[in-house]
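**Student:** Provided below are the primary sequence and the corresponding predicted coordinates.
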Amino acid sequence: MKTLNHSAVYVEATRSDIHDLVRTLVDAIGAPRVQVISGTTDRTAPHRWAHPEGTELDAVTEQRLRLGYRVWLTLQSMEDPQAAVAWLQAANPLLDDDRPLDFIAKMHAQQVVNAAEALVTHTAKR
């Protein structure tokens, strides 16, 4: 298991090229989940955003995607990528039994980042 470096995760999530970031998310968690994170109803948008010459994003959508990427980078500390994807989709007691995907879309940054960090550091109360 990798060591979690909060500062490095934050810096990478805020400074990465948005198209590279979206491409990574699409590859890692799938376009439908990226669509949920972004808050869009357009199923093709994540694929367009992933291309370097793709559609530009509005500021709110970009913030949501950067938060999703930050959470995903945090989850990279887990040994099982499929467990990380499953965690994003499952009701979470630390998030009022809502899904982390939905907390990202609502931009509840502190709560969802704390929940992800608790998972990977094994500090979540069960």
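**Tutor:** Nice, I can see it. Keep in mind it's a predicted model, so treat the numbers as computed, not measured. Numbering: from 1, shown residues only.
**Student:** spatially nearest residue to residue 97, not counting backbone neighbours?
**Tutor:** Once flanking residues are discounted, residue 97 sits nearest to residue 91: 4.6 Å by CB to CB, 6 or more residues apart in numbering. Every C-beta, even on glycine, is put in place using the N, C-alpha and C of the backbone.
**Student:** ignore what I typed, I meant residue 62.
**Tutor:** Closest residue to residue 62 in three dimensions, ignoring its sequence neighbours and counting by CB to CB, 6+ apart: residue 18, at 5.8 Å.
**Student:** tell me how far the helix or strand where residue 83 lies lies from the chain's centre.
**Tutor:** Using DSSP states H and E, residue 83 falls within helix 81-89. Relative to the chain's own centre, helix 81-89 is displaced by 11 Å; criterion: CA atoms, centre = their mean, to the nearest Å.
**Student:** please identify the buried residues of stretch 107-119?
**Tutor:** Across stretch 107-119, burial judged by 16 or more other CB atoms under 10 Å covers 108-109, 111-117, 119.
**Student:** other residues contacting it?
**Tutor:** Under the criterion CB atoms under 8 Å, 6 or more residues apart in numbering, residues 4, 6, 60, 63-64, 67, 70-71, 74-75, 78, 87, 92, 94-95, 100, 103-104, 123-124 lie in contact with stretch 107-119.
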